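> please work out how this folds:
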Amino acid sequence: MDTYHLYLSVAHLLGYDLYGQISESTWLSEAPYAALLYPGQRETIARFWRRHSSRRSLIQKWHFNEILDRLEDASHGILSRIHWQDYDLVGLSICFGQLTSALYFIRHLKKTAPEIKVVVGGSACAGDLGRSLLGLFSEIDFVISGEGELPLVHLIKELSHSDGRRKTEPLPGLFDRNDSSESDPQAFSQLPELDQLPMPDYRDYFSLINTLEPEKVFIPKLPMEISRGCWWGKNLGGKAHRGCAFCNLNLQWQGYRAKSQEKVVKELNALTDEYQTLSVSFMDNLLPSKDLKGLFDKVAQMRKDLRLFAEIRATTSMNDLSAMADAGMREVQVGIEALSTRLLKKIRKGTSAIQNLEIMKNCESPRLPNLNSNIILEFPGSDQMDVEETLANLEFTLPFRPLKGIPFWLGYGSPVWQDPKSYGLRRVHNHPFYSKLFPPEILRGLKLIMQGYHGGLRHQQRLWRPVKRRLEAWKTAYSQLHQDPGSDPILSYQDGGNFLIIRQRRYGADDMTHRLKGTSRKIYLFCEKHRSISQILTRFPGFGEEKVRPFLHMMVEKRLVFREGERYLSLAVPIRGWNLR
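Numbering: from 1, shown residues only. This next block holds a predicted model:
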């Protein structure tokens, strides 16, 4: 079996920087190969391209037709170097931004080797999405829906014992062009235990890198799995869906499974040894909820200078974050999504604004992982009160890394898509941008992962404009306050044992310092984790409510403490990253 990393070859021939800017956008990623697939759409796609690439400086240096010519030459060169006639089965993964390119490569390899069988899989092929591809594109022979290992092994065994003309024996999650039966599109075949998986084999990828010119060689980040699925989004009793309302990332999984800690550590150690790289991205939708500290304590014992990335929930504790940092976690993507508790309930995140601010603050500490997160704008059903709460809470976020505002997009299969009326949507359909990429006769039969809808979109866009402006101002202020290398956190403290000095760096104004003594210092440090007023009064009974409330109110007024209802969170971080556990 051979593995060909076609996208790496395309990036090399197109240029890494240009490829990078294109690949950052799902729509720009689809447009060039759509124009090569459907020449009759080229002018429409070119206008679409110019509109959506206007803010990308590198892309603007190129005429769309020049990019197409370069891309077509690169793709034909890649395809011509592979002897497709030597293979009985070719498989391609199709995820975000890869549909038109996959279809392009499939069309051309089928022209070269008509007898070859083609199977596709990936997140864009789950369930009815995959069935629609099989129904519209005759070059595709099989679709794997969901996890791929068991269906792919089954398919290979079936093809090795047949002449390739009869239908394969059915297996949940494997769609066969020759099978007219209506099997359940939501049924999967997946491994019960992830520890059964062999270690990933990236030798072909690294062999390809080593064939590049010296100036094009790079050391990549290794992708690695700890788990599959989402423990927050699991089904309860097969009925109630508990997960985030906007999310469709788990269309291809049933339930949540995780590797054992021993398997994770052994695999991480072996992969970094084998490929001589120390940067690893955990590709999980969400790291396991249990004993993260235990896992990353074991990783730290490897004594390797790792550079790790992972996605975590906002409820991840300081102890877990600190253990992750000790193991080499440099960046985390946190599911913030909103700064309004009212809106978070509509989104079904299961978190609150004060929890989001707490992890944002924790990740601002000098030695903890950097935070990379988004805030969803224009969520269907959000209202003026959600926006006002968001704006009020944004007054307290300046000290922390800015969130990126992402307009809501409707994902096929997400809870909002499944129950649109509950969110004020009248009709759902393929996203209108697809009409620029595909001919109408193709688009009518396709079911695609990004959906559009009717119902309040323009109202939502107007509603969230003030938040967009505030996010831009936050980004500018944070950047300016950190323009000097090695600058301190924007809001930090030094602990003197019986007194505390808080430094508050301000954008466009003089810095301020605040000194807290005695019990005031103790209360501030006690609220490094959000605390209720009853917890504070119980912890400091001698101070008295008549003193505690005015003190906390003053701290909130100075933007040194965040308040949500009767809960309080201190916002300053230790300047040297001490006292993290």
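
> wait, isn't Leu133 in contact with Ile140?
Yes. Using CB atoms under 8 Å, Leu133 and Ile140 qualify as a contacting pair, with a distance of 5.9 Å. Every residue, glycine included, has its C-beta placed from N, CA and C.

> anything in contact with each of those two?
Here Leu133 and Ile140 have Val120 as joint contacts, going by CB atoms under 8 Å, 6 or more residues apart in numbering.

> how about the helices in the stretch 51-200 of the chain?
With DSSP state H, counting those that start in this stretch, the ranges of helices along the stretch 51-200 of the chain come out as 57-60, 64-80, 99-112, 128-136, 149-160.

> dump these to JSON lines, plus distance to Gln21, mean neighbour count and mean pLDDT.
Below are these laid out as JSON lines (distance: least, CB to CB, whole Å; neighbours: other CB atoms under 10 Å; pLDDT from 0 to 100):
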{"stretch": "helix 57-60", "distance to Gln21": "5", "mean neighbour count": "14", "mean pLDDT": "88"}
{"stretch": "helix 64-80", "distance to Gln21": "11", "mean neighbour count": "16", "mean pLDDT": "92"}
{"stretch": "helix 99-112", "distance to Gln21": "16", "mean neighbour count": "20", "mean pLDDT": "95"}
{"stretch": "helix 128-136", "distance to Gln21": "27", "mean neighbour count": "19", "mean pLDDT": "93"}
{"stretch": "helix 149-160", "distance to Gln21": "33", "mean neighbour count": "17", "mean pLDDT": "93"}
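
> relative to Leu537, which of those helices is closest?
Of all these, helix 128-136 sits nearest to Leu537, with 54.6 Å by CB to CB.

> which residues touch the closest one?
94, 120-121, 125, 140, 142-145, 175, 177, 185, 251, 412, 442, 445-449.

> of the residues you listed, buried ones?
94, 120-121, 125, 140, 142-145, 175, 177, 185, 251, 412, 442, 446-449 (16 or more other CB atoms under 10 Å).

> how long is stretch 502-520 end to end?
12 Å (CA to CA, to the nearest Å).

> ugh, wrong one, I meant stretch 458-468
Taking CA to CA, stretch 458-468 runs 15 Å from one end to the other.

> which parts of it are buried?
Gln460, Leu463, Trp464, Val467.

> likewise stretch 287-303?
Across stretch 287-303, burial judged by 16+ other CB under 10 Å covers Leu287, Pro288, Ser289, Leu292, Lys293, Leu295, Phe296, Lys298, Val299, Ala300.

> surely Leu471 is in a strand?
No. Read with DSSP: H, G, I helix; E, B strand; the rest coil, Leu471 is helix and lies in no strand.

> where does pLDDT dip in the stretch 201-350 of the chain?
For the stretch 201-350 of the chain, the stretches with pLDDT under 70 are 233-242.

> in strands only, show me the buried ones among the contacts of helix 128-136.
Among the buried ones among the contacts of helix 128-136, the residues falling in strands (DSSP state E) are Val120, Gly121, Phe142, Val143, Ile144, Phe175.

> check contacts around Leu394.
Leu339, Val467, Arg470, Leu471, Trp474.

> most neighbours out of those residues, which is it?
Leu339 (25 neighbours; other CB atoms under 10 Å).

> quick one: secondary structure of that one?
Leu339 ends up coil, using three-state DSSP.

> again, but for Tyr453
strand.

> is it true that it touches Leu425?
Yes. Tyr453 is in contact with Leu425 according to CB under 8 Å; the separation is 4.6 Å.

> shared neighbours of these two, anything?
Common neighbours of Tyr453 and Leu425 (criterion: CB under 8 Å, 6+ apart): Pro380, Leu410.

> hey, C-alpha coordinates of stretch 399-412 in PDB?
Below are the C-alpha coordinates for stretch 399-412, written out as PDB (Å, rounded to 0.1, in the frame of the first residue of the first chain):
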ATOM      1  CA  PRO A 399      -6.100  42.200  29.500                       C
ATOM      2  CA  PHE A 400      -6.600  38.900  27.700                       C
ATOM      3  CA  ARG A 401      -5.800  37.600  24.200                       C
ATOM      4  CA  PRO A 402      -8.600  38.800  21.800                       C
ATOM      5  CA  LEU A 403     -11.200  36.400  20.600                       C
ATOM      6  CA  LYS A 404     -11.800  36.100  16.900                       C
ATOM      7  CA  GLY A 405     -15.300  37.000  15.800                       C
ATOM      8  CA  ILE A 406     -16.800  34.300  13.500                       C
ATOM      9  CA  PRO A 407     -20.200  34.800  11.900                       C
ATOM     10  CA  PHE A 408     -22.400  31.800  12.600                       C
ATOM     11  CA  TRP A 409     -22.500  29.200   9.800                       C
ATOM     12  CA  LEU A 410     -25.000  26.400   9.700                       C
ATOM     13  CA  GLY A 411     -23.500  22.900   9.600                       C
ATOM     14  CA  TYR A 412     -25.300  20.000   8.100                       C
END
